[in-house]
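Visitor: just a sequence and a predicted model for now, questions to come.
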Amino acid sequence: MKKMNYQLDKSLKVPLYLQLYQQIRALIYAQELVCGEKLPSKRNLCEYLQISQNTVEAAYAQLLAEGYIESKPRQGFFVCFQPAFFFSGQKAKKTRPLPPKTTPIHFDFNPHSIDTHNFPLSRWRKAGKTLFQHRQQTLLSLGENQGERQLRHEICDYLFSSRGVKCEIEQIVICAGLESAVQQLILLFDYLYQDQTVHYGMERYGYPTLETLLKRYHKTVIKLPLKQDSQQLDLDFLQESLINIACVTPSHLYPFGHVLSITQRQQLLAWAKEKPHRYIIEDDYDSEFRYKGKPIPALQSLDKHDSVIYLGSFSKLLMPSLRLSFMVLPKPLLPPYQQYCGFMKCSVSRFEQQRLAYFMQQGEFEKHINRMRKIYRRKMERLCTLLLPYRNKISYYGEHSGFYLLIELIAESRSLTTLTRLADENGVKVYPVDCEERKLFSLGFGDLSETQLEEGMACLLNAWFENDAIQHE
């Protein structure tokens, strides 16, 4: 046993037993106390440090619990931990090469970002404060499985006035994001179809998370192509396919931003009517932000045969972090839903649901949407103006709605990978769209100010066209 070399400072706020424990553990890691070495007896340590036996026992007990030492009957305490064995590969880690340096991103054209600078945070905070003052007791227990009745009532009124959706609050189910809604629908369709195979159809460039989720549940996914001449959905393909459930975004087809025409909407509804248990899932993700004319009525508003399931979300309307979405089920689906999925509790906080309901009831939600529509319109117009001098090199689509502008580089020989790399090297992050041989990029402007748009586009266009002759592959 080595000479004792412990020092405790009684003036510190750290308990004495913890100081002793930390010092012994440090000596073990430094291999000054090696595996198999005996520690001082409790009595000797008490006399040496002038502390109580309880303090030593507490320190040894902690070392025993964590596996640094072991107790041998009638012999004492011995070190049983070998740091060298567990950290033998540490030197090899230090010799690993550092990752290559990357250019910091100054302008991120993320098509899924919203404007975080113009959010009415003070009014949102006030809604929560008011709620806590008047409804504290109601927030402590579980609410209704389909979500807070008051919020469903507000959503019901809002959908009718803004989207033409006709429904009752019993048809609305509050969900924690689109993924939660789709998971419930998968379970519901499995129940309806029993042993039959369910074929899901989704747009060629539809929501990737939806496709991933369906495949995680081992569902058959069939992609709906776009017509070459108009970028509209090829409904003839849908008619000839085995699809039972069609997942579409009729008010803003991604990525070109086209609106499904009234003729195609009627064709889609007629397809669903032809056979039993055919349904259309309408994802109405950003239709409120339309900059030319009035918002297009939802497909559900035209449905006379209860075949459209309407999905809505507050991610783009308010904030993604809220994680609050909803679905409107056709009335015939309510009994099977309640029988097979009704046991599920709403996973969205009651506080956030009631705060949103109060926010809508006070008219703050509608004010926010109207204000943001003007802000986004100015950004979209500014982005289009910045592209005008390059109209012989760049075409764009979807300028009448949404948070992004789809641009296409005309007669461009460089690959999407090269163009993306050039943007990265100049501090600009862009989002390519894999569309066969076309050079398409989705430029989001949600969280960029007009000044940032100008500076970011200047960097991007300079990266792509300033040294065009040199950069070609």
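Guide: Perfect, I can see it now. Numbering: from 1, shown residues only.
Visitor: shaky segments in the stretch 101-250 of the chain?
Guide: Counting by pLDDT under 70, the stretch 101-250 of the chain contains low-confidence residues at 101, 135-137, 229-230.
Visitor: ok, residue 406 - contacts?
Guide: The neighbourhood of residue 406, defined by Cβ atoms under 8 Å, 6 or more residues apart in numbering, consists of 255, 256, 257, 396, 397, 398, 433, 440, 441, 442, 443. (Glycine included, C-beta is placed from N, CA and C.)
Visitor: burial check on the first one, number of neighbours?
Guide: Meaning residue 255. Residues within reach of residue 255, counting by other Cβ atoms under 10 Å, total 25.
Visitor: so it sits right up against residue 205, yeah?
Guide: Yes - checked against Cβ atoms under 8 Å, the pair residue 255 and residue 205 is within contact range at 5.1 Å.
Visitor: name the surrounding residues that touch the longest helix belonging to the chain.
Guide: When secondary structure is assigned using DSSP state H, the longest helix within the chain turns out to be helix 364-387. Residues lying outside helix 364-387 but in contact with it, judged by Cβ under 8 Å, 6+ apart, are 115, 118-120, 123-124, 127, 158, 288-291, 317-318, 356, 359-360, 394, 396, 399, 403, 405, 407, 443, 445-446, 448, 450, 453-454, 457.
Visitor: narrow the residues you listed to those in strands?
Guide: Counting by DSSP state E, the members of the contacts of helix 364-387 that fall within strands are 394, 396, 405, 407, 443.
Visitor: highest neighbour count among the residues you listed?
Guide: Most neighbours among those, by other Cβ under 10 Å: residue 407, with 25 neighbours.
Visitor: which strand residues bridge that residue?
Guide: Beta-bridge partners recorded for residue 407 (DSSP bridges): residue 396, residue 441.
Visitor: tell me if I'm right that it and residue 441 touch.
Guide: Yes - with contacts defined as Cβ under 8 Å, residue 407 counts as touching residue 441 at a distance of 5.3 Å.
Visitor: overlap in contacts of these two?
Guide: Common neighbours of residue 407 and residue 441, counting by Cβ under 8 Å, 6+ apart, are absent.
Visitor: what's the overlap in contacts for residue 255 and residue 205?
Guide: Shared contacts of residue 255 and residue 205, defined by Cβ under 8 Å, 6+ apart, comprise 433, 435.
Visitor: nearest spatial neighbour of the residue most central in space within the chain, skipping sequence neighbours?
Guide: Taking Cα atoms, centre = their mean, the centroid of the chain lies closest to residue 320, which sits 6.9 Å from it. Closest residue to residue 320 in three dimensions, ignoring its sequence neighbours and counting by Cβ to Cβ, 6 or more residues apart in numbering: residue 114, at 6.9 Å.
Visitor: burial count for residue 401?
Guide: Counted with other Cβ under 10 Å, residues neighbouring residue 401 total 25.
Visitor: gap between residue 24 and residue 461?
Guide: Taking Cβ to Cβ, to the nearest Å as the criterion, residue 24 is separated from residue 461 by 64 Å.
Visitor: what about the two, which has more around it?
Guide: Each of residue 24 and residue 461 has its neighbours counted (other Cβ under 10 Å); residue 24 has more, 22 against 19.
Visitor: spit out the contact partners of the more buried one.
Guide: Contacts of residue 24 (Cβ under 8 Å, 6+ apart): 6, 33, 39, 59, 63, 68, 69.
Visitor: domain parsing for the protein?
Guide: The chain breaks down into these domains under automatic domain parsing: 16-86, 107-115+372-471, 144-345.
Visitor: the helices in the stretch 51-200 of the chain, which residues?
Guide: Using DSSP state H, counting those that start in this stretch, the helices of the stretch 51-200 of the chain run over residues 53-66, 83-86, 90-94, 121-134, 149-163, 178-193.
Visitor: would you list these in CSV and tack on mean neighbour count and distance to residue 171?
Guide: Below are these laid out as CSV (neighbours: other Cβ atoms under 10 Å; distance: least, Cβ to Cβ, whole Å):
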stretch, mean neighbour count, distance to residue 171
helix 53-66, 17, 56
helix 83-86, 11, 59
helix 90-94, 8, 57
helix 121-134, 14, 26
helix 149-163, 18, 8
helix 178-193, 18, 13
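Visitor: quick one: closest of the ones you listed to residue 273.
Guide: Taking Cβ to Cβ as the criterion, helix 178-193 is the member of the helices of the stretch 51-200 of the chain that comes nearest to residue 273, at 16.5 Å.
Visitor: give me the contacts around the closest one.
Guide: The set of residues external to helix 178-193 that reach it, using Cβ under 8 Å, 6+ apart, is 173, 175, 198, 207, 209-210, 213-214, 217, 219, 244-245, 277, 279, 281, 283, 309, 311, 313, 325-327, 333, 336-337, 339-341, 344, 347.
Visitor: take the residues you listed and, keeping just the buried ones, write it as a ChimeraX select command.
Guide: A single ChimeraX command suffices to select whichever of these are buried according to 16 or more other Cβ atoms under 10 Å:
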select :173,175,198,207,210,213,214,219,244,245,279,281,283,309,311,313,325,326,327,333,337,340,341,344
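Visitor: of the contacts of helix 178-193, which belong to helices?
Guide: Among the contacts of helix 178-193, DSSP H puts 209, 210, 213, 214, 336, 337, 339, 340 in helices.
Visitor: what's the closest of these to residue 235?
Guide: Taking Cβ to Cβ as the measure, residue 235 sits nearest to residue 210 out of these, at 19.6 Å.
Visitor: state the distance from that closest one to residue 188.
Guide: 16 Å.
Visitor: cool, residue 142 as well?
Guide: 22 Å.
Visitor: and residue 227, by the same measure?
Guide: As it turns out, when the distance is counted by Cβ to Cβ, residue 227 lies 32 Å from residue 188.
Visitor: re the thing from before, using JSON lines, lay out the contacts of residue 24 together with pLDDT.
Guide: Shown next, in JSON lines, are these (pLDDT from 0 to 100):
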{"residue": "6", "pLDDT": "84"}
{"residue": "33", "pLDDT": "88"}
{"residue": "39", "pLDDT": "89"}
{"residue": "59", "pLDDT": "91"}
{"residue": "63", "pLDDT": "91"}
{"residue": "68", "pLDDT": "91"}
{"residue": "69", "pLDDT": "91"}
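Visitor: and which of these is nearest residue 264?
Guide: Ranked by distance to residue 264 (Cβ to Cβ), these are led by residue 68 at 71.2 Å.
Visitor: who's in contact with that closest one?
Guide: With Cβ under 8 Å, 6+ apart, residue 68 has these contacts: 24, 25, 28, 79, 80, 81.
Visitor: hmm, try it at 6 Å
Guide: Contacts here follow Cβ atoms under 6 Å, 6 or more residues apart in numbering; on that basis residue 68 touches 25, 28, 81.
Visitor: and what of residue 71?
Guide: Residues near residue 71 by Cβ under 6 Å, 6+ apart: residue 77.
Visitor: one more: residue 301?
Guide: Taking Cβ under 6 Å, 6+ apart, one finds 164, 165 in contact with residue 301.
Visitor: for stretch 354-362, buried residues please.
Guide: Buried residues in stretch 354-362, counted by 16+ other Cβ under 10 Å: 354, 355, 356, 357, 358, 359, 360.
Visitor: and it, how far from the chain's centre?
Guide: Here the centre of stretch 354-362 is set off from its chain's centre by 23 Å, with Cα atoms, centre = their mean, to the nearest Å.
Visitor: tabulate the CA atom coordinates of that stretch in CSV.
Guide: Listed next in CSV are the C-alpha coordinates belonging to stretch 354-362 (Å, rounded to 0.1, in the frame of the first residue of the first chain):
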residue,chain,number,x,y,z
GLN,A,354,-56.0,25.7,-25.6
ARG,A,355,-53.5,28.5,-26.2
LEU,A,356,-54.0,28.1,-30.0
ALA,A,357,-57.8,28.0,-29.5
TYR,A,358,-57.6,31.3,-27.5
PHE,A,359,-55.2,32.8,-30.1
MET,A,360,-57.7,32.0,-32.9
GLN,A,361,-60.8,33.1,-30.9
GLN,A,362,-59.2,36.5,-30.3
